[in-house]
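In: Curious how this folds, go ahead:
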Amino acid sequence: MARQQTIPLHEPPSAGGAFAATALDAEGPAIEHPVAVADSLVGQRIDHFQIHELLGEGGMGAVYLAHDMSLERTVAIKVLRRELASDERLVGRLVMEAQAQACLQHPSVVTIYYIGNFQGAPYFAMEHVPGGTLAEYIQREGPLPWGEALEYIIQATRALAAAHGRGMVHRDIKPSNLLLVAIPAGEQSHAIKVADFGVAAPTDAGAGAFVGTPYYAAPEQIAGEGPSMRGDVYALAITFHELLTGRVPFQADNLGAMLQLHREAPRPEIPAEAAPWRLRHLIREMMDPDPLKRPGGYEDLLDRLESLRPKPRVAGGLVPRAAALAVDAMLIAPLGQIAAATLGLSQHAAAQIGLLLFAAYYVLSHRLWGKTIGKRLLGLRIVGTTRPVRVSNLLLRFAVEFWGPLVALAIISLQWGAAVAGANVSLWDRSTGALLRMLLVPNLVVAIPWLAGFLFALFDHDRQALHDRVAHTRVIYEIHEREPAADHT
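Out: From the prediction side, this is the model:
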């Protein structure tokens with residue numbers, strides 16, 4: 001551990017281009033990233049590969065864009081730096097990287113085509129993934145939308161599950177090792193491929209010196225414990241955090257300080273607007289310093305990740321919403337009558353009690369389940385548009401949605417009290433014309449603008465009524481889609 005306390009960290013988070021970032025290797029001296037110079041391999045031919053350009057380079061080697069003349073395809077070639085070719089450990093690592101990737105025939109893992117030797121330095125040819133790395137993308141574009149980031153993490157998890165099934169642990173998951181698959185203009189896709197198995201290890205390997213990238217490595221990995229899938233899960237969580245926030249959660253100047261942060265520092269919060277709370281909770285669980293508190297299997301982790309995919313949202317129309325409201329009113333209205341009769345109160349009091357019961361039912365059911373019984377029967381639910389739906393939202397929504405009945409009830413109460421107090425006769429003893437003037441006319445004045453708030457949904461792009469706009473909510477149809485079976489092979 002004494003050595004770990006003084007090892008400086010040369011590589012900043014998400015550094016380097018495709019394959020250029022070299023993981024820290026505590027078994028040997030730290031290698032500074034070389035200064036970029038004109039490379040003599042550009043324009044040369046290696047076996048049946050014609051080298052076109054340099055894609056990136058790091059402490060151990062360089063990656064080139066090349067043309068495979070035997071099969072007429074574009075490839076990427078990774079070559080160990082010739083001055084390091086005498087280091088059998090580094091040569092073995094490059095060969096192991098090629099062999100590890102070659103045995104994983106998986107759509108989310110970069111495919112290896114060929115391994116060879118050029119002027120004493122080993123190299124291998126692999127699939128060229130032209131979309132760049134996720135590290136480059138977030139440096140250029142900033143944090144990703146959570147749904148897009150989730151798709152990338154799901155694919156990376158499937159690739160790691162396939163590796164684990166082959167008895168391997170990657171040990172260096174990070175955005176610079178996740179390559180974006182280029183897509184045609186106008187199309188949408190979220191495909192990535194996991195690259196760089198250069199520090200991968202068998203799952204049954206024992207303890208040893210640390211290899212990996214400290215910003216993403218689990219504390220037990222930095223401490224030199226044996227490799228495990230829970231270490232890769234931790235790195236996935238750090239990567240997920242960076243995709244959502246644009247930065248890694250922990251930074252330090254040396255390996256010892258980094259280990260202390262991973263072990264003891266509070267897990268940084270992901271902003272609520274960056275991801276739903278269930279997803280933020282899962283990331284914190286994956287990032288727990290205690291490996292036993294992280295998900296213990298890829299099948300369970302994939303099930304949880306896939307269940308968090310954003311569901312398609314179709315706005316609920318005015319007619320089904322009105323029908324749901326009618327169902328709820330019919331269910332709650334008799335309760336007011338029953339309560340008033342039980343307490344020996346008047347019919348006027350029954351209406352007030354019914355409105356209070358309906359308000360409590362409205363707020364509680366929407367807060368607990370996102371829907372009332374009426375909405376459930378019609379397949380509807382309420383969701384927040386810019387923030388989670390809270391009690392304050394629902395109280396505001398209820399007030400705007402039912403301001404008409406509330407005002408009408410207040411008007412009737414005032415008219416009832418004034419009529420009885422002024423004439424000492426029952427309101428119902430008055431003529432029909434008098435009743436119309438006292439009750440119907442003022443309440444019609446209230447009803448017209450109140451109904452207009454509902455009709456607003458007919459002209460709104462998202463079918464939001466006025467109360468939805470005010471409370472930042474939206475009524476949608478619940479769509480339950482059967483997810484395709486995950487490929488765990």
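In: For stretch 265-275, list the C-alpha coordinates in CSV.
Out: Extracted in CSV, the C-alpha atoms of stretch 265-275 (Å, rounded to 0.1, in the frame of the first residue of the first chain):
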residue,chain,number,x,y,z
ALA,A,265,-16.6,9.9,0.9
PRO,A,266,-20.4,10.5,0.7
ARG,A,267,-21.8,9.4,-2.6
PRO,A,268,-22.4,12.7,-4.6
GLU,A,269,-26.1,13.3,-5.4
ILE,A,270,-27.3,13.3,-9.0
PRO,A,271,-29.6,16.3,-9.6
ALA,A,272,-33.3,15.4,-9.4
GLU,A,273,-33.8,16.9,-12.9
ALA,A,274,-31.1,14.7,-14.4
ALA,A,275,-32.8,11.3,-13.6
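In: List the buried residues in it.
Out: Ile270, Ala274, Ala275 (16 or more other CB atoms under 10 Å). C-betas here are computed from N, CA, C, even on glycine.
In: Over to stretch 457-474?
Out: Within stretch 457-474, the residues that count as buried by 16+ other CB under 10 Å are 457, 463-474.
In: cool, and stretch 308-328?
Out: Buried residues in stretch 308-328 (16+ other CB under 10 Å): Leu308, Ala315, Gly316, Gly317, Leu318, Pro320, Arg321, Ala323, Ala324, Leu325, Val327, Asp328.
In: Would you mind finding the longest helix in this protein?
Out: In the chain, with assignment by DSSP state H, the single longest helix is helix 318-343.
In: ok, then the element right after it?
Out: With elements assigned by DSSP states H and E, the helix or strand that comes after helix 318-343 is helix 347-369.
In: For Leu236, grab the count of nearby residues.
Out: Under the neighbour criterion other CB atoms under 10 Å, Leu236 is assigned a count of 25.
In: tell me what the helix or strand hosting it is packed against?
Out: Assigned by DSSP H and E, Leu236 belongs to helix 229-245. Other helices and strands packing on helix 229-245, by 3 or more CB pairs under 8 Å, 6 or more residues apart in numbering; DSSP states H and E, are helix 134-141, helix 146-165, strand 168-169, helix 219-222, helix 277-286.
In: Show the average pLDDT along the last one.
Out: When the per-residue pLDDT values of helix 277-286 are averaged, the result is 93.
In: swap in the third one?
Out: Computed over strand 168-169, the mean pLDDT rounds to 90.
In: So which elements touch the next helix or strand after that strand?
Out: Where DSSP H and E defines the elements, the next helix or strand beyond strand 168-169 is strand 178-180. On a contact count with 3+ CB pairs under 8 Å, 6+ apart, strand 178-180 meets helix 134-141, strand 192-194.
In: picking up where we left off before, what's the angle from the longest helix of the chain to helix 347-369?
Out: 130 degrees (axes from the mean of the first three to the mean of the last three CA atoms, to 10 degrees).
In: If you count contacts, what does helix 318-343 end up packed against?
Out: Helix 318-343 makes packing contacts with helix 347-369, helix 373-378, strand 380-384, helix 441-459 when contacts are defined by 3+ CB pairs under 8 Å, 6+ apart.
In: Can you lay out the ones you listed as a markdown table showing distance to Val109 and mean pLDDT?
Out: Formatted as a markdown table, these follow (distance: least, CB to CB, whole Å; pLDDT from 0 to 100):
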| stretch | distance to Val109 | mean pLDDT |
| --- | --- | --- |
| helix 347-369 | 41 | 86 |
| helix 373-378 | 44 | 91 |
| strand 380-384 | 36 | 87 |
| helix 441-459 | 48 | 78 |
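In: Leu134 is nearest to which of the ones you listed?
Out: Ranking those by proximity to Leu134 (CB to CB) places strand 380-384 first, at 28.5 Å.
In: List the strands paired with that closest one, with their directions.
Out: With DSSP bridges as the test, strand 380-384 is paired with strand 473-477 (antiparallel).
In: Neighbours of Leu368, how many?
Out: Residue crowding around Leu368 was assessed by other CB under 10 Å; the count is 8.
In: How about Ala410?
Out: A count of nearby residues for Ala410, using other CB under 10 Å, gives 12.
In: Work out for me the element it sits within.
Out: Assigned by DSSP H and E, Ala410 belongs to helix 403-423.
In: low-scoring pLDDT stretches of the stretch 101-250 of the chain, where are they?
Out: Counting by pLDDT under 70, the stretch 101-250 of the chain shows low-confidence ranges at 183-189.
In: Next, the angle helix 146-165 makes with the helix holding Leu236.
Out: 160 degrees.
In: Tell me the helix or strand right after helix 229-245.
Out: Scanning forward in sequence from helix 229-245 by DSSP H and E, the next helix or strand is helix 255-264.
In: What angle do helix 229-245 and that next one make with each other?
Out: 90 degrees.
In: Distance from the chain centre to stretch 128-148, please.
Out: 14 Å (CA atoms, centre = their mean, to the nearest Å).
In: who's in contact with it?
Out: Residues outside stretch 128-148 that contact it (CB atoms under 8 Å, 6 or more residues apart in numbering): 14-18, 21, 65, 74-76, 110, 152, 174-183, 190, 192-193, 195, 239, 242-246, 274-276, 279, 309-310.
In: OK, contacts around Glu151?
Out: His190, Arg309.
In: what residue is smack in the middle of the protein?
Out: By CA atoms, centre = their mean, the chain has its centre lying nearest to Trp146, at 3.4 Å.
In: That one and Leu364, how far apart?
Out: Using CB to CB, to the nearest Å, Trp146 is found at 29 Å from Leu364.
In: same deal with Ile332?
Out: Separation of Ile332 from Leu364 (CB to CB): 12 Å.
In: go on, Ala201?
Out: 53 Å.
In: Of those two, which one has the most company?
Out: Ala201 (21 against 13).
In: quick one: the more buried one and Pro227, what's the gap?
Out: For Ala201 relative to Pro227 (CB to CB), the value is 4 Å.
In: ok, Ala191 - contacts?
Out: Ala191 makes contact with Ser108, Gln155, Leu180, Val181, Ile183, according to CB under 8 Å, 6+ apart.
In: what's the closest residue to Val391 other than its chain neighbours in contact with, if anything?
Out: Spatial nearest neighbour of Val391, excluding adjacent residues (CB to CB, 6 or more residues apart in numbering): Arg367 at 5.7 Å. For Arg367, the contacting residues are Val389, Arg390, Val391, Leu394, by CB under 8 Å, 6+ apart.
In: out of those residues, what pair is the most spread apart?
Out: Based on CB to CB, the longest span within the contacts of Arg367 runs between Val389 and Val391 and measures 8.7 Å.
In: Contacts for whatever helix or strand Leu301 lives in, please.
Out: Counting by DSSP H and E, the element that carries Leu301 is helix 298-307. Applying CB under 8 Å, 6+ apart, the external contacts of helix 298-307 come out as 150, 153-154, 157-158, 160-161, 164, 229, 233, 282, 286, 295, 483, 486, 488.
In: Can you tell me which of these is nearest Val445?
Out: Nearest member of these to Val445, counting by CB to CB, is Leu150, at 50.8 Å.
In: can I see the domain layout of this structure?
Out: 134-307, 315-477 (automatic domain parsing).
In: Select, out of those domains, the one closest to Glu88.
Out: Among the domains of the chain, if distance is taken as CB to CB, the winner is domain 134-307, at 15.2 Å.
In: before we move on, back to that, reformat the buried residues of stretch 265-275 as JSON lines; add distance to Gln50 and secondary structure.
Out: JSON lines is the format used below for the buried residues of stretch 265-275 (distance: CB to CB, whole Å; DSSP: H, G, I helix; E, B strand; the rest coil):
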{"residue": "Ile270", "distance to Gln50": "46", "secondary structure": "coil"}
{"residue": "Ala274", "distance to Gln50": "45", "secondary structure": "helix"}
{"residue": "Ala275", "distance to Gln50": "45", "secondary structure": "coil"}
